[in-house]
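Novice: Pasting the sequence and the predicted model now:
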Amino acid sequence: MEGSIAARSRETVMRQLRVSLLLGLLSLAHPLGVGADLQVKLPGEPVVQGDLRDLRVTAAEPLIGLEAHFRGASLPAHAGGGAYTVLLAVDLETPPGPHPVEVTAQGQSGQRYHRRVQITVVDGRFPLQHLTLPKAMVDLDAKTLERVRREEAVLKSIWETWRGEPYWWHAFIAPLDGKTQISSTFGLRRIINGQPRSPHTGVDFEAEAGTPVRASNRGVVAYVGELFFSGNSVIVHHGGGLFTMYYHLQAARVEPGQEVAKGDILGWVGASGRATGPHLHWGARLQGARFNPERLLKLSVP
Ligand SMILES: [Zn+2]
């Protein structure tokens, strides 16, 4: 009996030795354990599902390079005054709870820094809407379903094939002039005839047909076309994997590949695609994360 306890404790000691050896090897392989020298700040409110936020990264010395990762995305970063501003988007379906952000930076002296911070994502508490619609309006026939699948593949390739640095790093504007009324909020969860549908990944603004729709910021037109659900659609890439979407247009006045400046007219409000009346659906995405486009108007980037 005693012998076996002794054997067990010997085994425990050996395991501890192995663990500390392993930790020693790990720290040799990662000489970046000096994270305390890198400050990562997230000003403002708690982070919610569908949020877009600025992270401020500083060190005791000026930083000359930075990379940041969050849930598979390489976050766009902007240098200024020896510090970095990093843009973090949280997909509206990101599970609430802690998620790590990995930051690697290089100082002017050549020193490399690494810091892992936990971002706690809070439930977006998106409203729930129950709708009862005639079955024929909800169920898609085989041909339409095939069209929808094809369009989904086209969009997926747009979201995935972005390249290059951000073109913006200055304030975004709302796509419609003047005061606008929201008819359907971001994140709304729809249950149609008892079946949960995809959440509302944009904001719907009430507007008269023919109202000009403007580019929220500088970018390149990534897509112009007619989609089954979204109707006449324009997608603008602002660089760094940040897209804004403008759906249900009466018509578009831009072409794919065209460069647009902030405020340029992309098209006019309509009711094309699956729409009950004229409105603009405005959406936004950062490297796959679908976030509330209204957050673009609240960025504190320089
Ligand atoms: Zn919408």
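Specialist: Structure's in. What do you need?
Novice: Only C-alpha atoms from now on, for both contacts and neighbour counts.
Specialist: OK.
Novice: Show me the helices in the stretch 201-302 of the chain, by range?
Specialist: Listed from the start of the chain, the stretch 201-302 of the chain has no helices (DSSP state H, counting those that start in this stretch) to report.
Novice: and it, which of its residues are near the ion?
Specialist: Residues of the stretch 201-302 of the chain lying near the ion by CA under 5 Å from the ion: 204, 281.
Novice: give me the low-pLDDT residue ranges for this structure?
Specialist: Across the chain, the ranges flagged by pLDDT under 70 are 1-36, 301-302.
Novice: mind giving me the domain split of it?
Specialist: Domain ranges of the chain: 35-122, 128-298, per automatic domain parsing.
Novice: first vs last residue of stretch 182-194, how far apart are they?
Specialist: End-to-end span of stretch 182-194 (CA to CA, to the nearest Å): 25 Å.
Novice: how far is that stretch from where the chain is centred?
Specialist: With CA atoms, centre = their mean, to the nearest Å as the basis, stretch 182-194 stands 20 Å off its chain's centre.
Novice: related to what we said a few turns ago, would you mind giving the domains of the chain as a markdown table with mean neighbour count added?
Specialist: Conversion of the domains of the chain to a markdown table gives the following (neighbours: other CA atoms under 10 Å):
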| stretch | mean neighbour count |
| --- | --- |
| domain 35-122 | 18 |
| domain 128-298 | 18 |
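Novice: Any idea what residue 281 is bridged to?
Specialist: Counting by DSSP bridges, residue 281 is bridged to residue 204, residue 247.
Novice: right, and it touches residue 207 too?
Specialist: No. Residue 281 is not in contact with residue 207 according to CA atoms under 8 Å; the separation is 10.4 Å.
Novice: Quick check: residue 136 is in a helix.
Specialist: Yes. Residue state for residue 136 (DSSP: H, G, I helix; E, B strand; the rest coil) corresponds to a helix.
Novice: Report all helices and strands that the host helix or strand of residue 64 contacts.
Specialist: For residue 64, the element it lies in under DSSP states H and E is strand 63-70. In terms of contacts (3 or more CA pairs under 8 Å, 6 or more residues apart in numbering; DSSP states H and E), strand 63-70 is packed against strand 77-80, strand 83-89, strand 97-107.
Novice: Quick one, which of those gets closest to the ion.
Specialist: The closest of the helices and strands packed on strand 63-70 to the ion is strand 83-89. By CA to the ion, the value is 19.4 Å.
Novice: Run through who's touching that closest one.
Specialist: 50-59, 62-63, 66, 68, 70, 75-79, 286, 289-291, 301 (CA atoms under 8 Å, 6 or more residues apart in numbering).
Novice: same thing but at 7 Å, please
Specialist: Strand 83-89 is contacted by residues 51-58, 62-63, 75-79, 286, 289, 291 when judged by CA atoms under 7 Å, 6 or more residues apart in numbering.
Novice: quick one on the thing from earlier: now do the strand holding residue 64 against strand 83-89, angle only.
Specialist: Angle of strand 63-70 versus strand 83-89, following axes from the mean of the first three to the mean of the last three CA atoms, to 10 degrees, is 10 degrees.
Novice: how far does strand 63-70 sit from the chain's center?
Specialist: Distance, stretch centre to chain centre, for strand 63-70: 17 Å (CA atoms, centre = their mean).
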